[in-house]
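S.K.: Pasting a predicted model and its sequence here:
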Amino acid sequence: MFGTKGLTLLALFFSPAASLLVSITPSQGEISVGESKFFLCEVVGGAKVIDWYSPTGEKIEASRLDITVGRSDETSSTLTIYNATVDSAGTYKCAASNGGEESETTVNVKIYQKITFKHTPSPQEFNEGQNANIVCDVASSPPPSVIWKYKGAKIHVEKDVRFKVLDNNHLQIHGIRKSDEGTYTCEARIMARGEIDLRPIQVIVNVAPSIRIRVSEVNSTADMGHSTMLACDPDGYPEPTVTWTRNSMLLEAGEKYSFNDDGSEMIVRDVTKLDEGDYTCIAKNKAGEHEEELSLRVFMKPNITYMENKTTTEMTEQITLLCDASGDPTPSITWSFGQRVFTEGEQAHLNRIYQSSDGNVLVRSDSRVSSLTLKLPQYTDAGQYLCTARNAIGQDAKFVHLEVRYTPKIQGSVTVYTWEGNPVNISCHVVAHPSDVVMVWLRDGLQLPNSNTSNIRVFTSPSASFLEVTPESQNDFGSYNCTASNEIGTESKEFILIQADVPSVPLVELVEPYSSTVQVHFLEPESSGGVPILRYRAEWRVRNRGKWFQRLYEVKGADQNIITITGLKPETQYEVKMSAINGKGEGESSLPMNFKTDPVPGEPNAPKLEGIMQPANVFMVKWVRQDDGGSPITHYLVRYKPKEATEWKQEIRMPGGSEYILLNGLDWDTEYDVIVVAENMQGKSKPATLNFRTASEPEASPDSLDSGFGLTTGVIVGILVVVFVLLLVAVDVVCYFCNKCGLLMCIAVNFCGKPGPGSKGKDIEQGKAAYIKDECNQPIVEMRTEEETTTNHDVGGHLEPSETTPLTEPERVADNVTRGLDLPLSVNTNSETFDHSQSPTSESTTLTSSTTAPPPDPVPTTAPPILAPNTVSQAPLVDLDDGRAAEAEAAPAPPTASATAPIPVLTNHTDPPAEVEPAPADSINQPLDSPVLTHPEESHSPALHLPQDELQLLSTTASTAPSDPAVSKKSLAQEQIQLEDMELNTDLSAANHAVSANSTENKA
C-alpha cells in the first residue's frame, strides 16, 4: 500500500498539469501538557507561499514564542509547538498557493495531562515508635490509581495491620521501627493510556541516643605538660551531639579543654593533680537525651631533671656522670652505653664494672639521683650515655655526652705485599681527638720522601696518610714507620713491605665430563703469594698426545672454584691441569688429571632465551645455543600467542645458524607467551619459554591522523611509475623466453657472453661436464660450519654445561676472536702444521680465554704429496687471549723444486677452527671451485659450500702457488676446454645476430 505522499507523487507523474497537493506529517497529534512537538507540511507542485493557521483561524507568524513557523525548503514548512498547554489543542491548517492555484490540509492536535507528582518530599523523617504518614500527592487526567512498594516489593496492607493506604493515597505506618527505614516507592498508573510513573521516597527513622563508655577510669600523668583524653561513644539517629560537664558546669573548648568534631572525645591539656575527678558525658538528638559519668586518675611519670656533659683525658683517675629524676611512684634509674646496660646491683658479673673501689665503673642511686663513675677512662669510652628512669606509669630517658681526649691511634694492615716495579700503597689510618693530627713517614730515622728516594711518594688526607712505594730492588722491602702527633701525645707504628710471590699450585679436585664439555672443580691455592689471584689457566690435551690447549679464566669474585672447558670430542681420553696467576706471575701447574668424555646422546638441549622490545611494537627474541646433542642444529621452531588466547600462531622455522627472530604485528599492551624448540637430525629439544608484555599504544596527534587519510600526488605518481616499470620488465622477460629477443637477450649476448635458452646452453653444460670428468690428483676439502664441527653430546641425564652456563662468571671477549681455517699443507711454507685429530672443536665463548695450537703429532707420518697450483696451505690457529699468534713449531715438509709462495689464511670471526683431511681418491674428480671441508670424525655430514669471499680467496691462493709438472696433463685438458668454449661463443654470436633479426621482424 502507498502512503499519501506516494499517491501524490504517482498522480503528478501521470498528470503533469495536476494542481497543488498538500500533506502534513504526522497527520494527527497527541501532546502531553508541557511537551513540545513539530508538524511538517509538504507541498507537491511548486508552491510559492506556504502558511500555517491556528485553531482560531489566525495566521501564525514566525515571531511567536510558543508556536513557531519556519520554511524548511521550497516545498515544505514546519510548525513547532513548545511547552504545550490545554489552550494549544485544536485544528491547525497548512495552506499553499502558486499564483492562481491554492491548496490546504489540516491536522488535529489533542492535549492531555500526564501523571504529575505534585508533593512527594524525600526524605521524610519520623521518630521511632510514632505513627508515620508518608506523603505522596499525585494528579493526572483521568485520576491515577496508586500502589506502594517497600524495597521494590508491593506492600500488602491486608497482611500487615501496621500499614494502611489513606484516601489521599498517603501511606500510614503505626509504631514505626528502625527496621522500617528505607526506600518506599509511590507508583501511579492510568489504565486507559497504559501510563505509569513512580517516585522513590526515602524514609528515615530517628532513634534516641545511648552512650558507650570506652574506659570508665582513665589514668594520666601530671606536671609533665602531657594531655589526656576522656571519651564516650554515643549511638542514635541522627548522630547525637555531645557535651561535657564537671560538677554541673559546662566545659567549653579553650586552653584547657579541646574536643573532636562530634564532641565524643575531650582532651585535657597540661594535666595536673587538680584535674583529677568525675566528668559527665551528655548525648542529645531529635529523639531524646542521655548521659554517663567517667573518672580521671592523675599520676606523675618519671622526669629527668638534671644531666651534664663531661670532658676528660684518657687514663685520668676517674670521671662521674650524674642523672636526677622525679616521679610518682618513685622511679628506678639505669645507665646504658650502646648495647651495654649498667644496672645497679647487677654489675659484679659484667666486664670492667664492679661495686668495689677498684672497679672501672661504679653506679650509685637513691630515690632521685644516680651517678655513673668511670675509672681510668679510655678513648673507647667516649660517646653518648643514656640515663633511663622508670616507674609503673612510664619512663623518661636522656643522653649525656662524655668527651675523651686521647693521643692518635694508628690503624691499618701491618704487612703489605708487592714486587719489584709494582707500586703499592701503605695506608696509615689515624683516629684521634682532637683530630688535628700531623703524620710523618720514617725509615732508618730519615723522613720520607727525601732526595735519596725517587721511588717513594706520600699522599695525605685529614684521617690517613698513604705511602706509595715502587720497589726497585730488594733494599726497598722492609720496615716503614708512621708517626702521628696531636696536642695530647704521639704514637708510632711499624709497617712491613714484603716481596710478593707467585701463587702455589691449585688442586684439581673433581672433573665432571660430558660429551663435548667438562666441568673442572678445583681448590684455591694454599698461598696467593701475598697479592690477589687474577686468573686461572686451564690446559688440556688428548691423553699423552700432542701439545697442550690452554684457556685463561678471569677471577670475578670469591669462591670461584669451577670452570668449564668446551669443544671436546665425545668418547675421548683427555688430561687436564691448572695453574694460578697473580700480579707477580704464574705459579706451577697441578698434576694432570685424566678423564674421558661421554658418548653422543641425541637430541639437543633447549636454547636459552632473552627478549628485547624494539620500536614500533616489535619484539626481538634472541636465543643462545646450548648442547646440540652431537648433531648440528638444523632449525629453530618458534611459536607465540597472546597469554589469554588458546591457539598458537603458525609455527615459524628459523635456520640452524640464526640467533634471533623479530615478532611483528603484535597487539598493544598485551602479554605474550613464546616457545622456541631446537631441532637436529636426532629429534627436538624441550621447549624454551619466554613471557613478555608489549608497550601501551601511543596516543596519536590530530595532525598525524589527518595526514594518514590520503596519498599525496608525488606518492601516486611514484606508484604509477613503479607499476609501469614492472610491466615493461614482465614483457621483456616474456620476449626473452618466447621470442629470443628483448633487453635481457641483448644483455645476455653482448655483455655476459651467454646465449638465451636453447640448445647451445646444453652444449655448454656438456662441455662443463667433460671438464668435471677430467681426472687429476687434486685433493678436495669439505668445509663445515660451526654447527657441524662443534659437537655437544649429553642430553640424557643431567644438563651439560656450555660456555653460556654461568658456572664461572664468564667475561665477554672485547673483540671478536679470529680463528684460522686449516687446510692441508702442500708445499714448504712458513706456516706451522698441527695434528687436528687431537684438537677439540670449540664453541664461541664469553669467557676471556687463550687457546694455543697443539704440537705436531709425535707419530711419524709420510710426507704429503706435492699438489697442483690450486692447493691451499694450512694456517696456524690464533691465540684467543691477547690477540698474539700462537707460537708453534714448524712441521717438516718434503723439498720442492720451486720457491714457496705466501699462502693467505682463511679466517671466520664467528665459527671455530675447522679440521681438514685429504679427500679419498674417488672424490678428487669434483670441481675445485666447490671446495668442501670435512671433519675427520664426521665425514658423513652433508657438505656446505664456502661463502663467495672465501671461494675468491681460495682462487687467489691457487693462482699464486707454484706450478708442478705432475699437473701438465690437467693443464692440457683445461686448454682444450677453453678452445671449445671459444668455438661455442663464436657460434653463439652468429646465433645472436639471427635472433636479433628475428626480433626486429617480430616487433614490426
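M.R.: Everything's here; your move. Treat the numbers as computed from the prediction; the structure is a model and nothing was measured.

S.K.: ends of stretch 148-168, how far apart?
M.R.: Stretch 148-168 has an end-to-end distance of 13 Å (Cα to Cα, to the nearest Å).

S.K.: And that stretch, what's buried?
M.R.: For stretch 148-168, burial by neighbour count (16 or more other Cβ atoms under 10 Å) applies to Trp148, Tyr150, Ile155, Phe163, Val165. (C-beta placed from N, C-alpha, C; glycine too.)

S.K.: mind listing what Asp137 touches?
M.R.: Asp137 is in contact with Phe117, Lys118, His119, Thr120, Asn168, Asn169, counting by Cβ atoms under 8 Å, 6 or more residues apart in numbering.

S.K.: should've said Tyr257
M.R.: Neighbouring residues of Tyr257 by Cβ under 8 Å, 6+ apart: Trp244, Leu251, Met266, Ile267, Val268, Arg269.

S.K.: What pLDDT does the model give it?
M.R.: pLDDT, Tyr257: 94.

S.K.: How about Asn870?
M.R.: 37.

S.K.: same deal with the one 10 residues further on?
M.R.: At Leu880 the predicted local distance difference test score is 36.

S.K.: CA atoms of stretch 311-331 as CSV?
M.R.: What follows is stretch 311-331 as a C-alpha-only set of coordinates in CSV (Å, rounded to 0.1, in the frame of the first residue of the first chain):
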residue,chain,number,x,y,z
THR,A,311,85.1,16.1,79.2
THR,A,312,88.2,14.1,80.4
THR,A,313,91.5,12.9,79.2
GLU,A,314,92.4,9.3,78.5
MET,A,315,93.7,7.4,81.6
THR,A,316,92.5,10.1,84.1
GLU,A,317,91.9,8.7,87.6
GLN,A,318,88.1,8.8,87.2
ILE,A,319,85.1,10.7,85.8
THR,A,320,81.5,10.8,87.2
LEU,A,321,78.2,11.3,85.3
LEU,A,322,75.1,12.4,87.2
CYS,A,323,71.3,11.9,86.5
ASP,A,324,68.5,13.4,88.6
ALA,A,325,64.9,12.2,88.1
SER,A,326,61.5,12.6,89.8
GLY,A,327,58.2,10.7,89.6
ASP,A,328,55.2,9.2,91.4
PRO,A,329,55.7,6.3,92.2
THR,A,330,59.5,6.8,92.8
PRO,A,331,61.3,5.7,89.6
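
S.K.: Which of the residues in it are classified as buried?
M.R.: Using 16+ other Cβ under 10 Å as the test for burial, stretch 311-331 gives Thr312, Thr313, Glu314, Ile319, Leu321, Cys323, Asp324, Ala325, Ser326, Gly327, Asp328, Pro331.

S.K.: Over to stretch 505-515?
M.R.: For stretch 505-515, the neighbour count (16+ other Cβ under 10 Å) marks Val505, Pro506, Leu507, Val508, Val511, Glu512, Pro513, Tyr514, Ser515 as buried.

S.K.: Could you tell me which of those residues are located in strands?
M.R.: Among the buried residues of stretch 505-515, DSSP state E puts Leu507, Val508, Val511, Glu512, Pro513 in strands.

S.K.: what two of those residues are the furthest from one another?
M.R.: Leu507 and Pro513 (18.4 Å; Cβ to Cβ).

S.K.: right, and Val109 touches Asp87 too?
M.R.: No - applying Cβ atoms under 8 Å, one finds Val109 not in contact with Asp87, separated by 11.1 Å.

S.K.: ok, these two, which is more surrounded?
M.R.: Between Val109 and Asp87, counting by other Cβ atoms under 10 Å, Val109 is the more crowded of the two (20 against 9).

S.K.: Next, the contact list for the more buried one, please.
M.R.: Counting by Cβ under 8 Å, 6+ apart, Val109 makes contact with Gln28, Gly29, Glu30, Ile31, Ile81, Ser88, Ala89, Gly90, Thr91, Tyr92.

S.K.: where are the low-confidence patches of the stretch 651-800 of the chain?
M.R.: Counting by pLDDT under 70, the stretch 651-800 of the chain shows low-confidence ranges at 700-712, 751-800.

S.K.: ok, which stretches of it are helices?
M.R.: Secondary structure of the stretch 651-800 of the chain (DSSP state H, counting those that start in this stretch): helices at 702-707, 713-738, 743-750, 759-772, 786-789.

S.K.: thinking again about what came up before, export the buried residues of stretch 505-515 as CSV, with columns for pLDDT and distance to Met620.
M.R.: Below are those laid out as CSV (pLDDT from 0 to 100; distance: Cβ to Cβ, whole Å):
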residue, pLDDT, distance to Met620
Val505, 94, 46
Pro506, 93, 41
Leu507, 92, 44
Val508, 93, 41
Val511, 93, 38
Glu512, 92, 34
Pro513, 91, 36
Tyr514, 87, 31
Ser515, 84, 31
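
S.K.: mind putting those in CSV, distance to Glu575 included?
M.R.: Below are the buried residues of stretch 505-515 laid out as CSV (distance: Cβ to Cβ, whole Å):
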residue, distance to Glu575
Val505, 16
Pro506, 16
Leu507, 15
Val508, 10
Val511, 10
Glu512, 15
Pro513, 12
Tyr514, 17
Ser515, 18
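
S.K.: Okay, and Glu289 sits in which element?
M.R.: Using DSSP states H and E, the element containing Glu289 is strand 288-307.

S.K.: Packing partners of that strand?
M.R.: Judged by 3 or more Cβ pairs under 8 Å, 6 or more residues apart in numbering; DSSP states H and E, strand 288-307 is in contact with strand 195-213, strand 217-221, strand 228-237, strand 277-285, strand 318-328, strand 383-390, strand 395-411.

S.K.: Now the buried residues of stretch 148-168 in CSV, please, with extra columns for distance to Glu217, secondary structure and pLDDT.
M.R.: Formatted as CSV, the buried residues of stretch 148-168 follow (distance: Cβ to Cβ, whole Å; DSSP: H, G, I helix; E, B strand; the rest coil; pLDDT from 0 to 100):
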residue, distance to Glu217, secondary structure, pLDDT
Trp148, 52, strand, 92
Tyr150, 46, strand, 92
Ile155, 50, coil, 89
Phe163, 48, strand, 91
Val165, 55, strand, 90
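
S.K.: what's the most distant pair in these?
M.R.: Greatest spatial distance among these (Cβ to Cβ): Tyr150 and Val165, at 12.5 Å.

S.K.: Which helix or which strand is home to Ala484?
M.R.: Following DSSP H and E, one finds Ala484 within strand 478-485.

S.K.: separation between Ser454 and Val469?
M.R.: Noted for Ser454: a distance of 11 Å to Val469, by Cβ to Cβ, to the nearest Å.

S.K.: ugh, wrong one, Leu374
M.R.: 42 Å.

S.K.: Wait, Ile562 touches Glu524, no?
M.R.: No - with contact defined as Cβ under 8 Å, Ile562 does not reach Glu524; the gap is 11.7 Å.

S.K.: buried sites along stretch 495-507?
M.R.: Quick answer for stretch 495-507 (16+ other Cβ under 10 Å): Phe495, Leu497, Gln499, Ala500, Asp501, Val502, Pro503, Ser504, Val505, Pro506, Leu507.

S.K.: which of the residues in stretch 738-748 are buried?
M.R.: For stretch 738-748, a neighbour-count test (16+ other Cβ under 10 Å) marks Asn739, Lys740, Cys741, Gly742, Met745, Cys746, Ala748 as buried.

S.K.: typed the wrong thing, it's stretch 729-739
M.R.: Buried positions in stretch 729-739, judged by neighbour count with 16+ other Cβ under 10 Å: Asp732, Cys735, Tyr736, Asn739.

S.K.: now swap in stretch 75-88 and tell me
M.R.: Buried residues in stretch 75-88, counting neighbours by 16+ other Cβ under 10 Å, are found at Ser76, Ser77, Leu79, Ile81, Ala84, Ser88.

S.K.: what would those residues look like in JSON lines with secondary structure?
M.R.: Formatted as JSON lines, these follow (DSSP: H, G, I helix; E, B strand; the rest coil):
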{"residue": "Ser76", "secondary structure": "strand"}
{"residue": "Ser77", "secondary structure": "strand"}
{"residue": "Leu79", "secondary structure": "strand"}
{"residue": "Ile81", "secondary structure": "strand"}
{"residue": "Ala84", "secondary structure": "coil"}
{"residue": "Ser88", "secondary structure": "helix"}
